[in-house]
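> Next input, structure requested:
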Amino acid sequence: MDEENENAAIEKVAHTIVKKVIHAAQEYYLNNVQKEEEAEYTARNIQWTTCESFTVERGLQQIEEYISTWELHKSWLHCSEFLWEEDLQNSKKYHYRVLWSIPTRRKPIPLATASTYFVIEISKIKPVTLPVEVFFFLESSRLIHRPEQCRFREKWLKDIIENKIILRERLKLP
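Numbering: from 1, shown residues only. All right, here's what the predicted structure looks like:
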């Protein structure tokens, strides 16, 4: 009986030590490594075309060029398309969609996709020699991202697809 109590006490102490070491490692990572990784990153952007040389096709090419700077696994496939043009009092907005998926050999047609919407705005007031203004958002979010200020996260696309698959399963859709 004494040996069992002794082993239980040793196991309890070992468990406490392991917990403390894991906690210290997590704190170290959060306070040092993660901050260093984020501090080293600068938002990747491209040189966007000027308002005067903008065309719908050029906008699509530049969106493709911009998303090629994103850090995504090579298994992601996408298709881009122009949606519509919106003529406002002080500007024109051109709306695009980039549809993302990860097809596999077993499922070449994915169960779900994720969309990223881009808007390219051409000012009617500012000088035409200035670059176009660009922003984008994801289908599940109202947060508007600007290319020069944002680091795109692959996790955003994964979360959208996972949520759609979960919803599909809960609704028992084929």
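
> Could I get the average pLDDT for the helix or strand hosting Lys12?
Take DSSP states H and E as the rule and Lys12 turns out to sit in helix 2-28. Along helix 2-28, the predicted confidence averages to a pLDDT of 78.

> so what secondary structure elements neighbour that helix?
In terms of contact count using 3 or more Cβ pairs under 8 Å, 6 or more residues apart in numbering; DSSP states H and E, helix 2-28 is assigned no packing partners among helices or strands. Any C-beta I mention is one placed from the backbone N, CA and C, and that applies to glycine too.

> After the worst-scoring helix or strand of the chain on mean pLDDT, heading C-terminal, what element do we hit next?
Using mean pLDDT, DSSP states H and E, helix 34-40 stands out as the lowest-scoring helix or strand of the chain, at a mean of 57. Following the chain from helix 34-40 toward its C-terminal end, the next helix or strand by DSSP H and E is helix 56-67.

> What residues of that following helix count as buried?
Buried residues in helix 56-67, counted by 16 or more other Cβ atoms under 10 Å: Gly59, Leu60, Gln62, Ile63, Tyr66, Ile67.

> Then stretch 86-96?
Using 16+ other Cβ under 10 Å as the test for burial, stretch 86-96 gives Ser91, Lys92, Tyr94, Tyr96.

> Including distance to Asn32, secondary structure and pLDDT, could those residues go into a markdown table?
Converted to a markdown table, the buried residues of stretch 86-96 look like this (distance: Cβ to Cβ, whole Å; DSSP: H, G, I helix; E, B strand; the rest coil; pLDDT from 0 to 100):
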| residue | distance to Asn32 | secondary structure | pLDDT |
| --- | --- | --- | --- |
| Ser91 | 45 | strand | 92 |
| Lys92 | 47 | strand | 93 |
| Tyr94 | 43 | strand | 96 |
| Tyr96 | 40 | strand | 97 |
